[in-house]
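Q: structure here, sequence nowhere to be found:
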C-alpha cells in the first residue's frame, strides 16, 4: 500500500486524510506493524481464554518425551 501511496493513489489514510508520496510510503509500514500487533493481542487473548475455558471442563495433561541420542 505504501508503494501505491507513493505513486498518488489513496491507499493509506490517517485521521480520515489520504497520505500521498513519501509520507504515505513511510507511514504504511508503521500502520502494518500496529495492525499486526493489535490482531496478535486479540488472538492471544482469545486463545488464552479458550484454553482456560477448556481446562474448566477437561483437565489438560502435558507429556514430556525425552529424546535420547544414541
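A: On my side now, so go ahead. Remember, it's a predicted structure, so these values are computed and weren't measured experimentally.

Q: in the biggest helix by length in the chain, which residues are buried?
A: Counting by DSSP state H, the longest helix found in the chain is helix 21-57. Using 16 or more other CB atoms under 10 Å as the test for burial, helix 21-57 gives 24, 25, 27, 28, 31. For glycine as for every other residue, the C-beta is placed from the backbone atoms N, C-alpha and C.

Q: among those residues, which two are most distant?
A: In those, the most distant members under the criterion CB to CB are 25 and 31, with 11.5 Å between them.

Q: how much space between the most centrally placed residue in the chain and residue 50?
A: For the chain, the residue nearest the mean C-alpha position is residue 36 (2.5 Å; CA atoms, centre = their mean). According to CB to CB, to the nearest Å, residue 36 and residue 50 sit 21 Å apart.

Q: ok, residue 38 next?
A: 19 Å.

Q: who's in contact with the nearest residue to residue 28 once chain neighbours are set aside?
A: Distances taken as CB to CB, 6 or more residues apart in numbering place residue 2 nearest to residue 28, at 3.3 Å, with adjacent residues excluded. Each residue near residue 2 by CB atoms under 8 Å, 6 or more residues apart in numbering is listed here: 11, 12, 24, 25, 26, 27, 28, 29.

Q: for these, which one is nearest residue 43?
A: Closest to residue 43, out of all of these and judged by CB to CB, is residue 29, at 20.8 Å.

Q: quick check: residue 54 touching residue 48?
A: No. Between residue 54 and residue 48 there is no contact under CB atoms under 8 Å: 10.8 Å.

Q: tell me the mean pLDDT over stretch 30-42?
A: Throughout stretch 30-42, pLDDT has a mean value of 94.

Q: who touches that stretch?
A: Contacts of stretch 30-42 (CB under 8 Å, 6+ apart): 12, 14.

Q: can we see that at 7 Å?
A: By CB atoms under 7 Å, 6 or more residues apart in numbering, the surrounding residues in contact with stretch 30-42 are residue 12.
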